[in-house]
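**Student:** here's my sequence, what's the structure:
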Amino acid sequence: MSDIPVIQRIVAVFWPSFLTSGIATGIFFTLFDPLDLVHIAGLPETSRIGVYTIGFFLFWLLTASTCALTCYFRRPCHPDRKPEN
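**Tutor:** The predicted structure is shown next:
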């Protein structure tokens with residue numbers, strides 16, 4: 001296992017994904033009106049703030065999963081394997 005503390009690995013996933021989701025939310029809702037999206041989706045009445053909140057957390061989930069996969073796939077495939085002489 002890595003010598004990096006668990007909390008540091010968690011922060012390495014959630015902090016960049018938080019920043020990226022904030023930017024993505026800003027860009028997305030600059031282009032699309034939240035109330036139009038609710039109307040098109042046929043969802044019950046939801047306020048703009050509610051749609052912003054849902055959108056932010058969906059973007060955060062998406063970016064956190066991509067950050068987590070990046071951290072997972074950068075690990076060596078066989079950490080215990082020693083080179084053969």
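
**Student:** please count neighbours and contacts with C-alpha atoms only from this point.
**Tutor:** Will do.

**Student:** so which elements touch whatever helix or strand His39 lives in?
**Tutor:** When secondary structure is defined by DSSP states H and E, His39 falls within helix 34-41. Where contact means 3 or more CA pairs under 8 Å, 6 or more residues apart in numbering; DSSP states H and E, helix 34-41 is packed against helix 48-73.

**Student:** ok now the helix it packs on, how far from the chain's centre?
**Tutor:** 3 Å (CA atoms, centre = their mean, to the nearest Å).

**Student:** could you do stretch 36-47 as well?
**Tutor:** In terms of CA atoms, centre = their mean, the centre of stretch 36-47 is set 23 Å apart from its chain centre.

**Student:** what does that stretch contact?
**Tutor:** With contact meaning CA atoms under 8 Å, 6 or more residues apart in numbering, stretch 36-47 is reached by Leu35, Val51.

**Student:** in it, what's buried?
**Tutor:** For stretch 36-47, a neighbour-count test (16 or more other CA atoms under 10 Å) marks Val38 as buried.

**Student:** could I get the average pLDDT for that stretch?
**Tutor:** pLDDT averaged over stretch 36-47 equals 85, rounded to a whole number.

**Student:** verify the contact between Met51 and Phe32 for me.
**Tutor:** Wrong residue type there; residue 51 is Val, not Met. No: taking contact to mean CA atoms under 8 Å, the distance of 11.2 Å between Val51 and Phe32 leaves them out of contact.
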